[in-house]
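K.L.:
structure for the following, please:
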Amino acid sequence: MAENEEFQLKSEKQMTTDISDENVSEILEKCGSFGPYQRWFYANIFIICMLAAMQSLNLTFLSTNVPFLCYPPNFNASLIPVNLTENEYLQMLQPNGDDHCSVYNNSFIETYTTPPSNSSKLECSYGRKFLTEKFSSVVSEFDLVCERKWLKSTLQSVYFAGYLVGSIVFGALSDSCGICAFKTTYPY
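P.N.:
All right, here's what the predicted structure looks like:
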């Protein structure tokens, strides 16, 4: 009985040893310093993480909103007054405020003028002109505004769903293929 109690006391003392700075420095000294292998490993992990982060953040920059103007029905650029550019005239046809997906109806006028204040609004379904002088994005390339705005929101969700499925499928696949490769060279 006394031997068991003595063994239990010794094992409890060994389990409750405090780790001091001296012990940690001894352990690190035995393990070795931050050598070439650790630098190589750290650099590879850093590069992989940075590439994954860039892929996840690219939709933020690639799907930015691009300003656009709506064309009225039966638009003919030759009917625009000579003192206005096409962009200036289309800007006059846009209603004030946040309603970017509508345009004033001016199809009843023979030559284009400023629309009267009682003009009716039409949906922006006759075409759009994206102002891509400064930049363009996925929004302007695939016309993801107004009635197709929901596609822009869905784009990032689909990307991350694919990321999730790919991680699960290829993670399991790499585990099974990796184990097969090591089984042939390193028997257990």
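
K.L.:
select the longest helix from the chain.
P.N.:
helix 149-185 (DSSP state H).

K.L.:
would you mark the buried spots in that one?
P.N.:
151-152, 155 (16 or more other C-beta atoms under 10 Å). Any C-beta I mention is one placed from the backbone N, CA and C, and that applies to glycine too.

K.L.:
go on, stretch 129-143?
P.N.:
By 16+ other C-beta under 10 Å, the buried positions in stretch 129-143 come out as 130, 137-140.

K.L.:
now the strands for this structure?
P.N.:
68-70, 102-104, 121-123, 128-130 (DSSP state E).

K.L.:
among the ones you listed, which comes closest to Gln55?
P.N.:
strand 128-130 (25.7 Å; C-beta to C-beta).

K.L.:
tell me how far that closest one lies from the chain's centre.
P.N.:
How far strand 128-130 lies from its chain's middle: 24 Å, per C-alpha atoms, centre = their mean, to the nearest Å.

K.L.:
please name the strands paired to it in the sheet, noting orientation.
P.N.:
In the sheet, strand 128-130 lines up against strand 68-70 (antiparallel) (DSSP bridges).

K.L.:
how distant is the strand it pairs with from the center of its chain?
P.N.:
25 Å.

K.L.:
all numbers from here: first residue = 712
P.N.:
OK, 712 is where the count begins now, so the last one is strand 779-781.

K.L.:
can you list contacts of it?
P.N.:
798, 801-802, 804-805, 811-814, 835, 837-842, 851, 856 (C-beta atoms under 8 Å, 6 or more residues apart in numbering).

K.L.:
rewinding a little: pick out the most distant pair among the buried residues of stretch 840-854.
P.N.:
Phe841 and Val849 (11.5 Å).

K.L.:
ok, the buried residues of helix 860-896 vs Lys741, which is closest?
P.N.:
Leu866 (52.1 Å).

K.L.:
check contacts around that closest one.
P.N.:
With contact set as C-beta under 8 Å, 6+ apart, Leu866 has these partners: 770, 774, 849, 855.

K.L.:
and if you look at Pro783?
P.N.:
Going by C-beta under 8 Å, 6+ apart, the list of residues near Pro783 reads 804, 814-818, 833, 837.

K.L.:
which of the residues in stretch 798-807 are buried?
P.N.:
Going by 16+ other C-beta under 10 Å, stretch 798-807 has these buried residues: 800-801, 804-805.
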